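*Asks:* Sequence and predicted model, in that order:
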Amino acid sequence: MRKNIPKSLQLKIWARDGWSCRYCGEAVFFAPTLKLLNELSPGHGYYHPNGKTGSMLPLFQMRWASVDHVTPFSKGGEDNEQNYVTACWGCNLKYRERTHEQGKPSPIEINMNAKKLGWDGLSSIYLKLSKKRDAWTALFNND
Ligand SMILES: [Zn+2]
């Protein structure tokens, strides 16, 4: 059975990959920050729970951070770090259930430029804006 990837491991993968999609190379965004921005300032299209087209800015809709199985779990791919890469939502939708034989590209190199710039997908803002303790703030605070 497919398990959810633990939040701590998702954060590790996104940080490892410089918060950039390993298929298209674009910067990705931490969805909980978008959700928080939407709660604090509704109606600007920062977030929609289902990423509904027209309810969310296309930039955020297609670029929220996800973790993709390079070899899909349904095709025998393993649940481990070696088989995980950061994918923007757009690439995740395009490639999630495909194998290489079905046209899924191999992941690109980690974007070291994004890492050098310190891009963090707006994840640090989450800690600054969040008024409540939750699983994410606990992870950022290492407690
Ligand atoms: Zn992408």
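*Replies:* Structure received. Numbering: from 1, shown residues only.

*Asks:* use CA for all of it now, contacts and neighbours both
*Replies:* Noted.

*Asks:* which sections of the chain are below the confidence cut-off?
*Replies:* The chain contains residues with pLDDT under 70 at 1-3, 143.

*Asks:* Would you map the helices across it?
*Replies:* Ranges of helices within the chain are 7-16, 31-40, 58-63, 89-95, 112-117, 123-129, 135-140, based on DSSP state H.

*Asks:* Number of residues surrounding residue 64?
*Replies:* Neighbour count of residue 64, defined by other C-alpha atoms under 10 Å: 25.

*Asks:* same thing with residue 88?
*Replies:* Using other C-alpha under 10 Å as the criterion, the residues surrounding residue 88 number 28.

*Asks:* Ok, residue 70 next?
*Replies:* By the criterion of other C-alpha under 10 Å, residue 70 has 25 neighbours.

*Asks:* ok, residue 47 touching residue 30?
*Replies:* No - taking C-alpha atoms under 8 Å as the definition, residue 47 is not a contact partner of residue 30, at 10.9 Å.

*Asks:* Comparing these two, which residue is more hemmed in?
*Replies:* The neighbour count for residue 47 versus residue 30, taken as other C-alpha under 10 Å, is higher for residue 47 (25 against 22).
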